[in-house]
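Asks: got a predicted structure plus its sequence, pasted below:
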Amino acid sequence: MVKKMSFLNQRRLMAFLFVVFVLGLAFSSPHYVHAATTPTIVMPNIKIEGQAVKPKFFVIPMQMLMLLSVLSLAPYLLMMMTSFIRVTIVLSFIRSALGTQQVPPTQVLMGLALFITFYIMAPVGKEINTQAIRPLMKGEISQVDAFGRASSPVREFMLRQVQREDLALFFDLAKLPRPKTREDVPLYVLTPAFMVSEIKVGFEIGFLIYIPFLIIDMVVASVLMSMGMFMLSPMTISLPFKLLLFVMVDGWELIIKGLILSFR
């Protein structure tokens, strides 16, 4: 057995030495040295000189680049400047208060929040289409004017929903004087103030949603303790009662109706 193992080791050693020998010949060949020292990629000699005969050939690609940049930021604009923040927070609080882990699924909640956002923002979208998009497509206004007209309805929507203390906070942080009119509020100050306001309102609505379900949890926990069932989880017993209460009062209709009316 020992002789057989030593014979195998000798064969492995000879194979290893043969591989090293072949690689040494390959790397030491003149062809390889020439290939390693001589660059194989030749960069062309490019010169940019003179003036463009038609500058619009350069303006159109830049406009396309800016348009693609705006489209890449479209999901963030949807979250920052619309009702999507408040709706998603409230729907997440509903699922958490009910105690259902993944029911409804996250995809369903996000889809419902998205279409509720479309419903709430429909008047703003119609106004943008009437004042900015259609005149721009007809060539009646320039792109700069179209951007100003399109941002005006969104600005009015955010100004109706933003809280004064949040707006004052960001004006103080930016060290800007207080605006005299609504048009004097810059968009870069209004947007974060609007987002903070939406998060605050969403948490306030979530607190109100939690109260009835919390009462059910407390009643079930006290009954189980009085019966001596310490090993039984109160969440397991209270879940059917919370679902029954939510279905009996038609909770989804109340929540969605309250959400939509909170933006008017």
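Replies: Happy to help now that I have it. Numbering: from 1, shown residues only.
Asks: those helices in the stretch 151-264 of the chain, which residues are they?
Replies: 164-173, 187-226, 234-248, 251-261 (DSSP state H, counting those that start in this stretch).
Asks: let's have those in JSON lines, adding distance to residue 113.
Replies: All C-beta spots, glycine's among them, are computed from the backbone N, C-alpha and C. Below are the helices of the stretch 151-264 of the chain laid out as JSON lines (distance: least, Cβ to Cβ, whole Å):
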{"stretch": "helix 164-173", "distance to residue 113": "22"}
{"stretch": "helix 187-226", "distance to residue 113": "11"}
{"stretch": "helix 234-248", "distance to residue 113": "18"}
{"stretch": "helix 251-261", "distance to residue 113": "9"}
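Asks: export the ones you listed to CSV and tack on mean neighbour count?
Replies: Converted to CSV, these look like this (neighbours: other Cβ atoms under 10 Å):
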stretch, mean neighbour count
helix 164-173, 15
helix 187-226, 16
helix 234-248, 15
helix 251-261, 14
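Asks: just so I know, which of those lies nearest residue 116?
Replies: helix 251-261 (6.6 Å; Cβ to Cβ).
Asks: show me what that closest one is in contact with.
Replies: Applying Cβ atoms under 8 Å, 6 or more residues apart in numbering, the external contacts of helix 251-261 come out as 83, 86-87, 90-91, 94, 116, 119-120, 205, 209, 245-246.
Asks: now with 10 Å, please.
Replies: Under the contact criterion Cβ atoms under 10 Å, 6 or more residues apart in numbering, helix 251-261 has outside partners 83, 86-87, 90-91, 93-94, 97-98, 104, 112-113, 116, 119-120, 202, 205, 208-209, 212, 242-243, 245-246, 250.
Asks: now stretch 116-135
Replies: Contacts of stretch 116-135 (Cβ under 10 Å, 6+ apart): 78-79, 81-88, 90-91, 137, 140-143, 145-154, 156-158, 256, 259-260, 262-264.
Asks: in that stretch, what's buried?
Replies: Residues 116, 117, 120, 121, 124, 127, 128, 131, 132 are the ones in stretch 116-135 that count as buried (16 or more other Cβ atoms under 10 Å).
Asks: so where's this structure shaky on pLDDT?
Replies: The chain contains residues with pLDDT under 70 at 1-71, 73-74.
Asks: the residue nearest the centre of it is in what secondary structure piece?
Replies: The C-alpha lying nearest the average C-alpha coordinate of the chain belongs to residue 76 (Cα atoms, centre = their mean; 5.6 Å). Secondary structure from DSSP states H and E places residue 76 in helix 74-80.
Asks: and that helix, how far out from the chain's middle?
Replies: 7 Å (Cα atoms, centre = their mean, to the nearest Å).
Asks: also stretch 131-144?
Replies: 29 Å.
Asks: ditto for stretch 160-173
Replies: 23 Å.
Asks: and for stretch 206-220?
Replies: On Cα atoms, centre = their mean, the centre of stretch 206-220 falls 30 Å from the chain's centre.
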